[in-house]
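Novice: need coordinates for the below:
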Amino acid sequence: MLSESPIDMELVYEPVGTELRLAWRVVIDHYQTRQEHLDMRFDALTGALLAQDNWVDDIADGAAAPAAAAYNAEYRVFGLGVESPGHPGASHDLVSNPPEANASPSGWQDTRTNPPAGAPEALHTRGNNVRAQWDLGGSNTDVDANRPLGVWNAGSQTLSFDFPWVESEEPATTTNRVASVVNLFYWNNIIHDVLWQYGFDEPSGNFQQNNFGRGGAGNDAVRADALDGSGTNNANFSSPGDGSPGRMQMFRWTSPGGVEVTAPYAATYQSPVPDDWGGTFTSLSGEVVPVQGPTTGIQGCEGPYANAAAVSGKIALVKRGSCEFGLKALVAQQNGAAGVIIFNNDGTNTGAGMAAGTSGASVTIPVVGMLGNQDGDALLAAAAGAPVMVTMSPKLYPDRDSDFDAGIIVHEYGHGVSNRLTGGTQTGCLSGDEQAGEGWSDFYGLMFTMTDAVCDLPRGIGTYSSFEPGDGRGIRRFPYSPDMNVNPFTFADVADTAQSVPHGVGSVWATMLWDMSCKLVDRYGYEQDIHSRAGGNGLALQLVTDGLKLQGCRPTFVAGRNGILGADTALAAADPQYLSNKCIIWHAFARRGLGNAASSGSVNSRTDQTQDFTVPAECQSFQVQVNVTGPGTVGPSASPVTAAYEDVLGFTLMPDAGGTIASAEGCEGTLTGSTFTTRPIVRNCTIAVVFDGVPPLPDAIFADGFEEPATP
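Specialist: Coordinates of the predicted model:
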């Protein structure tokens with residue numbers, strides 16, 4: 001393990017002789033394994049180690065760490081690893097003792113240092129990291145009356161929040177609001193405990209009531225409001241500086257309207273329903289009849305219909321095109337229709353809202369639309385046969401509660417992380433048209449809900465809350481995917497007016513971070529235990545979190561990329577066992593246009609950037625020189641082996657038939673029997689090998705899976 005506690009990094013001035021040099025201060029904890037807690041200062045320009053101190057003696061004489069919580073706790077939630085109730089395998093389970101002792105030493109329900117045995121300080125959903133409550137009126141009330149009360153069992157010393165959730169009921173029912181707050185409380189604590197491992201700790205400005213004397217300002221546990229009544233179909237996070245509480249507001253997401261087909265087949269088609277024109281209704285059932293306008297046919301822009309008698313008393317089916325939506329509905333009404341369904345004509349299955357136009361105010365019958373083009377075509381085709389029976393409704397389902405959507409919860413908390421880590425703990429450094437705050441939040445949401453196969457699948461943000469299937473597009477323009485055919489974003493798209501500020505711009509940044517993360521998972525594998533900081537996903541979280549600290553105030557995309565590269569450099573300088581990943585990072589950004597020669601221009605403009613798809617020369621190829629000696633050989637070898645970046649992952653050297661390798665070393669390889677295999681190559685290197693009974697050079701040298709090159 002690179003460090004046994006979060007790695008702290010900051011820019012400092014280090015005295016060297018009679019001058020001060022700008023340096024990166026990096027603190028690495030190897031206390032348990034090497035009895036070292038190193039405080040190192042590296043020259044900010046050259047990377048040279050200027051000085052280091054070992055804190056072990058000071059730590060041994062310091063104050064004792066707080067004791068672990070003396071009670072048990074359990075919470076019924078959609079736990080870590082489950083993004084939402086709408087994702088495969090989701091279950092509402094009882095999770096026991098989830099707090100991490102190093103991040104939450106007094107547990108989640110206690111703000112005291114070294115709390116005594118017995119019941120925790122709080123039996124409600126409040127503690128050291130978060131105070132969670134429902135806020136149906138949007139009043140920001142902070143009282144226990146709005147918090148679930150856990151059940152304390154003195155015999156087992158267990159505090160239990162075991163409350164059911166009923167999916168078929170509205171979110172704000174007495175039953176569901178309790179389950180909602182418990183889930184929100186759990187996830188805020190999980191995020192706190194996980195990110196503490198990666199360096200969002202007390203000195204870095206995290207959210208805690210009691211900082212246990214470990215630095216930073218306390219009294220700022222997150223105020224998390226479930227089912228906040230001040231809005232719908234959204235969520236937000238307020239991020240004041242360290243010492244002032246952050247506030248998370250999670251909203252109810254309203255059900256879409258649409259059409260439920262009951263015969264001759266069963267289907268449900270979601271669609272907007274106009275809220276400022278058309279008749280008011282709760283539901284309308286009947287037969288769907290496609291209209292036959294005398295000139296515009298199914299577009300229904302004029303009457304009388306050729307099939308007016310068939311339409312009368314039925315639900316008219318009309319297609320977009322040739323005239324205003326309000327006029328289409330009015331003509332259907334004039335032909336006796338009881339209601340009207342309007343569907344799109346764009347060849348996709350995307351619905352959209354409809355303006356009333358000049359005629360909408362006269363429409364009194366129910367209107368649903370627009371359905372997606374494909375859904376409308378399905379109704380049209382079915383109506384050519386047996387009668388098509390439907391129920392049109394302005395609300396197809398119970399509303400949904402974003403407090404059960406972990407991707408959104410983590411996204412919102414992520415704003416607190418990026419605001420407090422960028423430019424210092426007092427916030428205010430994420431501004432300008434190219435600021436990527438929404439991108440970091442999407443990144444954290446993706447990483448906390450990652451599974452071992454997700455890099456092969458498109459990822460959407462907020463699919464559950466927006467009534468999409470788990471593999472839906474979500475609330476961004478494109479889902480996240482390394483596949484350029486699925487998500488084609490490049491750096492140039494920051495200037496595209498189709499990309500809003502800040503969400504659209506942020507999604508371009510998150511696309512790059514997701515690509516990088518998937519490349520790291522490809523190299524190091526996936527680690528299910530996100531607390532452990534292992535695997536490629538753990539490394540991605542570490543690099544991005546450290547990069548936030550290094551990128552400086554008001555960062556552009558280029559500054560954000562450089563912060564991550566700087567984080568990789570610092571990790572490599574601090575631990576000789578760490579394999580540099582700078583070429584993986586460069587290639588991930590370069591394929592999206594943020595390459596070596598890319599320029600962001602001004603942080604105040606998103607239209608003056610220059611994209612570039614190149615990487616530094618050292619990341620374009622690497623060389624492996626094989627020097628051979630022994631019977632029959634004439635070493636050193638001929639030309640070195642050269643491979644382009646990402647051609648290969650491992651290098652294997654085997655002798656000809658009948659020969660053996662007596663010894664081999666170099667390139668961090670291992671000799672097993674008569675086969676020499678290296679670790680992934682990360683720099684130019686040389687293998688010295690002694691052959692017994694073989695020709696001058698082995699004719700079986702395989703470049704089998706090398707990764708990135710690096711300068712020695």
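
Novice: from here on, just use CA atoms for contacts and neighbour counts.
Specialist: Will do.

Novice: show residues contacting stretch 359-372.
Specialist: Outside of stretch 359-372, the residues that reach it under the criterion C-alpha atoms under 8 Å, 6 or more residues apart in numbering are 257-259, 269-274, 277-281, 284, 325-327, 329-330, 333, 337-345, 348-354, 392-394.

Novice: all strands for the stretch 601-712 of the chain, in order.
Specialist: In the stretch 601-712 of the chain, strands defined by DSSP state E, counting those that start in this stretch lie at 621-629, 641-644, 648-654, 660-665, 669-672, 675-678, 685-692, 700-706, listed in chain order.

Novice: run through the residues that contact the closest residue to residue 82 other than its chain neighbours.
Specialist: Take residue 82 and drop its neighbours on the chain: the residue closest to it by C-alpha to C-alpha, 6 or more residues apart in numbering is residue 90, 5.8 Å away. Contact criterion C-alpha under 8 Å, 6+ apart gives 78, 82-84 as the residues in contact with residue 90.

Novice: which element, helix or strand, includes the spatially closest residue to residue 365 that is not a sequence neighbour?
Specialist: Excluding the flanking residues, the one nearest residue 365 by C-alpha to C-alpha, 6+ apart is residue 279, at 4.5 Å. Secondary-structure element containing residue 279, defined by DSSP states H and E: none, the residue being outside all helices and strands.

Novice: since we're on residue 279, how many residues are nearby?
Specialist: Summarising burial for residue 279: neighbours were counted as other C-alpha atoms under 10 Å, giving 15.

Novice: angles on the backbone of it, please.
Specialist: Listed backbone geometry of residue 279 is phi -70, psi 150, with angles given as degrees, to the nearest 10.

Novice: which strands and helices sit next to the longest helix along the chain?
Specialist: Counting by DSSP state H, the longest helix found in the chain is helix 174-197. Helix 174-197 sits against strand 72-77, strand 130-134, strand 222-226, helix 406-421, with contacts defined as 3 or more C-alpha pairs under 8 Å, 6 or more residues apart in numbering; DSSP states H and E.

Novice: closest to residue 171 out of these?
Specialist: Using C-alpha to C-alpha as the measure, strand 222-226 is the one of the helices and strands packed on helix 174-197 that comes nearest residue 171, at 10.1 Å.

Novice: can you list contacts of the closest one?
Specialist: The set of residues external to strand 222-226 that reach it, using C-alpha under 8 Å, 6+ apart, is 129-136, 140, 142, 177, 180-181, 184-185, 207-208, 245-251, 403.

Novice: the most centrally placed residue in the chain and residue 234: what is the separation?
Specialist: Centre of the chain computed as the mean C-alpha position; nearest residue by C-alpha atoms, centre = their mean is residue 446, 2.2 Å away. Distance from residue 446 to residue 234, counting by C-alpha to C-alpha, to the nearest Å: 18 Å.

Novice: with residue 437 instead?
Specialist: Using C-alpha to C-alpha, one gets 16 Å for the distance from residue 437 to residue 234.

Novice: what strands line up against the single longest strand found in the chain, and which way round?
Specialist: When the chain is scanned for its longest strand (criterion: DSSP state E), the result is strand 19-30. Strands flanking strand 19-30 in the sheet, each with its direction: strand 8-16 (antiparallel), strand 36-43 (antiparallel) (DSSP bridges).

Novice: re earlier: in PyMOL, select just the buried ones from the contacts of stretch 359-372.
Specialist: Selecting the buried subset of the contacts of stretch 359-372 in PyMOL, with 16 or more other C-alpha atoms under 10 Å as the burial test, is done by:
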select buried, resi 257+258+259+269+270+271+272+273+274+277+278+325+326+327+329+330+333+337+338+339+340+341+342+343+344+345+349+350+351+354+392+393+394
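
Novice: can you flag which of the contacts of stretch 359-372 belong to strands?
Specialist: Taking DSSP E, the ones among the contacts of stretch 359-372 that sit in strands are 257-259, 269-271, 284, 339-343, 392-393.

Novice: dump these into a markdown table; add distance to residue 121 as well.
Specialist: Output for the ones in strands among the contacts of stretch 359-372, formatted as a markdown table (distance: C-alpha to C-alpha, whole Å):
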| residue | distance to residue 121 |
| --- | --- |
| 257 | 46 |
| 258 | 49 |
| 259 | 51 |
| 269 | 50 |
| 270 | 47 |
| 271 | 48 |
| 284 | 54 |
| 339 | 59 |
| 340 | 59 |
| 341 | 57 |
| 342 | 58 |
| 343 | 57 |
| 392 | 52 |
| 393 | 48 |
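
Novice: which parts of this structure are helices?
Specialist: Assignment of helices within the chain using DSSP H yields the ranges 31-34, 56-61, 174-197, 308-311, 325-334, 373-383, 406-421, 437-448, 503-524, 535-550, 557-574, 582-590.

Novice: and the gap between residue 50 and residue 108?
Specialist: From residue 50 over to residue 108 the distance is 41 Å, taken as C-alpha to C-alpha.

Novice: same check, this time on residue 182
Specialist: Residue 182 sits 12 Å away from residue 108, taking C-alpha to C-alpha as the criterion.

Novice: check residue 257 too.
Specialist: Remark: distance between residue 257 and residue 108 (C-alpha to C-alpha) = 40 Å.

Novice: ditto for residue 145
Specialist: Noted for residue 145: a distance of 19 Å to residue 108, by C-alpha to C-alpha.

Novice: neighbour count winner among the two?
Specialist: Higher neighbour count among residue 145 and residue 108: residue 108, with 29 against 11, using other C-alpha under 10 Å.

Novice: for the stretch 101-250 of the chain, give me the ranges with low pLDDT.
Specialist: Per-residue confidence for the stretch 101-250 of the chain (pLDDT under 70) gives no ranges below the cut-off.

Novice: where do the strands sit along it?
Specialist: Under the criterion DSSP E, counting those that start in this stretch, the stretch 101-250 of the chain contains strands at 130-134, 151-153, 158-161, 222-226, 235-238, 247-250.

Novice: ok, residue 596 - contacts?
Specialist: Remark: with contacts taken as C-alpha under 8 Å, 6+ apart, residue 596 is in contact with 586, 590, 612-616.

Novice: out of those residues, flag the one nearest to residue 74.
Specialist: Out of these, the one with the shortest distance to residue 74 is residue 586. That distance is 43.4 Å, counting by C-alpha to C-alpha.

Novice: one step back: which one of the helices of the chain lies nearest to residue 239?
Specialist: Residue 239 lies closest to helix 406-421 among the helices of the chain, at 5.2 Å (C-alpha to C-alpha).

Novice: and the closest one, what other elements does it pack with?
Specialist: Packed against helix 406-421 by the contact rule (3+ C-alpha pairs under 8 Å, 6+ apart) you find helix 174-197, strand 235-238, strand 247-250, helix 437-448, helix 535-550.

Novice: between the longest one and helix 406-421, how many degrees?
Specialist: The reference is to helix 174-197. Here helix 174-197 runs at 40 degrees with respect to helix 406-421, directions being taken by axes from the mean of the first three to the mean of the last three C-alpha atoms, to 10 degrees.

Novice: could I get the buried residue list for helix 174-197?
Specialist: 176-197.

Novice: how far off centre is that helix?
Specialist: A distance of 17 Å separates the C-alpha centroid of helix 174-197 from that of its chain, computed with C-alpha atoms, centre = their mean, to the nearest Å.

Novice: then it to PDB, C-alphas only?
Specialist: Below are the C-alpha coordinates for helix 174-197, written out as PDB (Å, rounded to 0.1, in the frame of the first residue of the first chain):
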ATOM      1  CA  THR A 174     -45.000   8.500   6.600                       C
ATOM      2  CA  THR A 175     -43.400   5.100   5.800                       C
ATOM      3  CA  ASN A 176     -41.300   6.200   2.800                       C
ATOM      4  CA  ARG A 177     -40.000   9.500   4.200                       C
ATOM      5  CA  VAL A 178     -38.500   7.600   7.100                       C
ATOM      6  CA  ALA A 179     -36.700   5.200   4.800                       C
ATOM      7  CA  SER A 180     -35.700   8.100   2.600                       C
ATOM      8  CA  VAL A 181     -33.800   9.900   5.400                       C
ATOM      9  CA  VAL A 182     -32.100   6.700   6.600                       C
ATOM     10  CA  ASN A 183     -30.800   6.100   3.000                       C
ATOM     11  CA  LEU A 184     -29.600   9.700   2.700                       C
ATOM     12  CA  PHE A 185     -27.900   9.600   6.100                       C
ATOM     13  CA  TYR A 186     -26.200   6.400   5.200                       C
ATOM     14  CA  TRP A 187     -24.900   7.600   1.900                       C
ATOM     15  CA  ASN A 188     -23.600  10.900   3.200                       C
ATOM     16  CA  ASN A 189     -21.600   9.000   5.800                       C
ATOM     17  CA  ILE A 190     -20.300   6.500   3.300                       C
ATOM     18  CA  ILE A 191     -19.100   9.300   1.100                       C
ATOM     19  CA  HIS A 192     -17.400  11.000   4.000                       C
ATOM     20  CA  ASP A 193     -15.700   7.800   5.200                       C
ATOM     21  CA  VAL A 194     -14.500   6.700   1.700                       C
ATOM     22  CA  LEU A 195     -13.100  10.100   0.700                       C
ATOM     23  CA  TRP A 196     -11.300  10.400   4.000                       C
ATOM     24  CA  GLN A 197      -9.200   7.500   2.800                       C
END
